[in-house]
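S.K.: need coordinates for the below:
(2 chains)
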Amino acid sequence: AQSVTQLDSQVPVFEEAPVELRCNYSSSVSVYLFWYVQYPNQGLQLLLKYLSGSTLVKGINGFEAEFNKSQTSFHLRKPSVHISDTAEYFCAVSGAAGNKLTFGGGTRVLVKP
Amino acid sequence: DTEVTQTPKHLVMGMTNKKSLKCEQHMGHRAMYWYKQKAKKPPELMFVYSYEKLSINESVPSRFSPECPNSSLLNLHLHALQPEDSALYLCASSQEVLARGTDTQYFGPGTRLTVL
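M.R.: Down below sits the predicted model:
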């Protein structure tokens, strides 16, 4: 079985400051990792994903994430946030056995002016 | 085009009503999903269709009835719902399902359902 833990339920951050959202996973098999963003009253949009290869993954809107197998982590970062980054962020994992996504609890990012 | 569309955007229904949610994609994806999302929670998988056949039912009550009329359309029929069924219902699609875990799921904007 696989599981995902997002360590912070809410992260307040000032505009133009950096932000890091933490995600840890547990799985007994190879995993594929995803970060999705959900803006208010909208569906989920893929930010980035790690399937294999380089452990540093770059996504849309200036986000990047680093896969760390030894620490079973996939933290999301952005060097400078904008007000428009205010949203809920979900880390998710799927396994080689199938495409069933397991989501973390979500992290709400609130960007303040 | 990576768009999944859902109608209606909002739906209010009584506990005795029958209604349907509709989802459509034109990306040629062969896997389609229904999720339920309560406020401040992650999406919970309800159903998965693969090649128009139901492949996963996550023990969802029978008052929710999915239907996949063709490879582009997915419906969710609702009957005798309870107030606790009020939530955002999200549809998603991906190229394949169960074959590999690498396929990205593309989500629609959701239908916000309120059961009175």
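
S.K.: what residues does chain A have near chain B?
M.R.: For chain A, the residues in contact with chain B (CB under 8 Å from any CB of the partner chain) are A:31-32, A:34, A:36, A:41-46, A:49, A:51, A:90, A:94-101, A:103-106, A:108. Using the backbone N, CA and C atoms, a C-beta is placed for each residue, glycine as well.

S.K.: and these, which are buried?
M.R.: A:31-32, A:34, A:36, A:42-46, A:49, A:51, A:90, A:94-95, A:98-101, A:103-104, A:106, A:108 (16 or more other CB atoms under 10 Å in any protein chain shown).

S.K.: strands - which of those land there?
M.R.: A:31-32, A:34, A:36, A:44-46, A:49, A:90, A:94-95, A:98-101, A:103, A:108 (DSSP state E).

S.K.: who is the residue nearest the centre of chain B paired with across the strands?
M.R.: Most central in chain B under CA atoms, centre = their mean is B:Trp34, positioned 2.6 Å from the mean C-alpha point. Beta bridges link B:Trp34 to B:Phe47, B:Cys91, judged by DSSP bridges.

S.K.: now do the contacts for it.
M.R.: By CB atoms under 8 Å, 6 or more residues apart in numbering or on different chains, the contact list for B:Trp34 reads B:Cys23, B:Leu45, B:Met46, B:Phe47, B:Pro66, B:Leu74, B:Leu76, B:Tyr89, B:Leu90, B:Cys91.

S.K.: secondary structure element holding the second one?
M.R.: Of the helices and strands defined by DSSP states H and E, B:Leu45 is found in strand B:44-50.

S.K.: report the angle between the helix or strand following that strand and strand B:44-50.
M.R.: As assigned by DSSP H and E, the chain's next helix or strand after strand B:44-50 is strand B:53-57. Relative orientation of strand B:53-57 and strand B:44-50, computed by axes from the mean of the first three to the mean of the last three CA atoms, to 10 degrees: 160 degrees.

S.K.: and chain B, which residues reach chain A?
M.R.: Going by CB under 8 Å from any CB, the residues of chain B near chain A are B:4, B:6, B:31, B:40-43, B:45, B:48, B:56, B:90, B:92, B:94, B:96-110, B:112.

S.K.: quick revisit: now the strand holding B:Leu45: buried residues?
M.R.: Buried, per 16+ other CB under 10 Å, within strand B:44-50: B:Leu45, B:Met46, B:Phe47, B:Val48, B:Tyr49, B:Ser50.

S.K.: check the first one and give its pLDDT.
M.R.: Put plainly, it is B:Leu45. Reported pLDDT at B:Leu45 in the predicted model: 93.

S.K.: give me the neighbour count for A:Leu7.
M.R.: Residues lying near A:Leu7 (other CB atoms under 10 Å in any protein chain shown) number 13.

S.K.: check which helices and strands the strand holding B:Leu45 sits against.
M.R.: strand A:98-103, strand B:31-37, strand B:53-57, strand B:64-70, strand B:73-79 (3 or more CB pairs under 8 Å, 6 or more residues apart in numbering or on different chains; DSSP states H and E).
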